[in-house]
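K.L.:
Show me how the following folds:
(2 chains)
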Amino acid sequence: DVKVTQSSRYLVKRTGEKVFLECVQDMDHENMFWYRQDPGLGLRLIYFSYDVKMKEKGDIPEGYSVSREKKERFSLILESASTNQTSMYLCASISPRGRERNQPQHFGDGTRLSIL
Amino acid sequence: DAKTTQPPSMDCAEGRAANLPCNHSTISGNEYVYWYRQIHSQGPQYIIHGLKNNETNEMASLIITEDRKSSTLILPHATLRDTAVYYCIVRVAAGGTSYGKLTFGQGTILTVHP
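P.N.:
Presented below is the predicted three-dimensional model:
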């Protein structure tokens, strides 16, 4: 069975802190994604990565960075956390190869982050 | 990716079939229809997807009209645990310049009543 694991379900941090959100997938997928989800705004793409050390900005990258040192791990970094980054963060992965190209993205359970 | 339109909410009695509609009138020939659901405070869960043929799996059935401009997700025997927000998404397959990213709309809040 597919598995995307996010390191924390709930996290509380203070304004100005550097925050790391970790995501690991066990499906050997090339593409990984970080989204945030807010009421009334749906799911918004922050960053994605299509290979180790490769990354692309999504729709709302400001205030965030990412790291992909290994294929299975994709980290989201809040450089200096602010209260408007309080949100649900979701990681997902997919493979663009061959027959897997039309397969669905699989999501982790999410991290509900509160910045005080 | 093509835009989708779903009703904001629906109700269903437990044990009955839940039929959730989705309009995607601007869908193009290489775009798939995907359905996800999200139970409160959890990540989105994949349900089913299809291109043009009807599909069935252990969770649901997907009926796509012949012109592919709309589809219906069918939960054959809804239970209280099926209460969730259901999202219909249209997307090309991943690969090339399409990385497979998803755009979720507001979805349909399905409430299953005892």
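K.L.:
When you work out contacts or count neighbours from here on, use the C-alpha atoms and nothing else.
P.N.:
Will do.
K.L.:
What residues does chain A have near chain B?
P.N.:
Residues of chain A lying close to chain B (C-alpha under 8 Å from any C-alpha of the partner chain) are A:31, A:33, A:40-45, A:50, A:90, A:94-97, A:101-110.
K.L.:
Where strands are concerned, which of these count?
P.N.:
A:Asn31, A:Phe33, A:Gly42, A:Leu43, A:Arg44, A:Leu45, A:Tyr50, A:Leu90, A:Ile94, A:His106, A:Phe107 (DSSP state E).
K.L.:
Neighbour-wise, give me the winner out of those.
P.N.:
Counting neighbours by other C-alpha atoms under 10 Å in any protein chain shown, A:Phe33 leads these with 29 neighbours.
K.L.:
what sits opposite that one in the beta ladder?
P.N.:
A:Phe48, A:Ala92 (DSSP bridges).
K.L.:
Distance of it relative to A:Phe48?
P.N.:
Distance, A:Phe33 to A:Phe48, using C-alpha to C-alpha, to the nearest Å: 4 Å.
K.L.:
Skip the chain neighbours and tell me the closest residue to the residue most central in space within chain A.
P.N.:
In chain A, the C-alpha nearest the mean C-alpha coordinate belongs to A:Trp34, at 2.5 Å (C-alpha atoms, centre = their mean). Nearest residue to A:Trp34 in three dimensions, chain neighbours excluded: A:Cys91, at 4.7 Å (C-alpha to C-alpha, 6 or more residues apart in numbering or on different chains).
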